[in-house]
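J.: Okay, here's the prediction I keep looking at, along with the sequence it came from:
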Amino acid sequence: MRPIRKQELDYLDRLINNKFQEKQSAIRSQCELEVGKQLEKDFNKFVSTLRLDKLLKDAEQAEKEYQDFKLSKDAKETALNQNAIKRKQALLEKVNQWSDIRDWSISSRADTVDEVISNLKKACQQELEEKYKNSEKGKFFKYLQNGIEDARNTLYSGLSIDDVWKNLENIFNKAQIEVRVPKSFTQIAK
């Protein structure tokens, strides 16, 4: 008897593996086709036998309701966002019109309603400051600003010290500022 040589052994090993794999693959394909056909026929019966049919329907219904809600939620969210953008833009356009008419120093851009409100507060503050400046207190404040200039002009006018003190006393009195002016400087020389 002759022993199997190494080459023959390797060849036969590969041949056995290849032939069995080919047959297994063919049978597996045939099995897949038959199981697929039978699955279509038996699936509902299988689910019913396991008493999963009601749970399956409930789960499908719940998932459908969730997907419908999600779609409607997304649509509602989009609609609300577009409405918010549209209304904010209308508000911003009107604020910008008023800004041009009333000459406000505010930004013409705003990304949020809070920024629009902030701009409106700045505009309101500007108008209130202007109103204050035109009121009696505002006019008095303006006089005080000018009074400093008047007092300095008097101080550096080159007048005598008596005349400087007399004029300063007048300026201080109009400004309602109490200053003790030496009497010797304010008395009229006789």
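T.: In hand now; what should we look at?
J.: so where's this structure shaky on pLDDT?
T.: Counting by pLDDT under 70, the low-confidence segments of the chain come to 181, 183-190.
J.: domain parsing for this protein?
T.: Following automatic domain parsing, the chain resolves into domains at 7-50, 52-134, 135-190.
J.: longest helix of this protein?
T.: The residue-count maximum for a helix in the chain (DSSP state H) belongs to helix 53-102.
J.: Reformat the domains of the chain as CSV; add distance to Met1 and mean neighbour count.
T.: Placement of C-beta: from N, CA and C, glycine included. As requested, those are exported to CSV (distance: least, C-beta to C-beta, whole Å; neighbours: other C-beta atoms under 10 Å):
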stretch, distance to Met1, mean neighbour count
domain 7-50, 14, 10
domain 52-134, 63, 12
domain 135-190, 128, 12
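J.: separation between the closest residue in space to Val47 that isn't next to it in sequence and Phe43?
T.: Nearest non-adjacent residue to Val47, counting by C-beta to C-beta, 6 or more residues apart in numbering: Asp53, 5.1 Å away. As defined by C-beta to C-beta, to the nearest Å, Asp53 lies at a distance of 11 Å from Phe43.
J.: One more: Ile161?
T.: In terms of C-beta to C-beta, Ile161 sits 117 Å off from Phe43.
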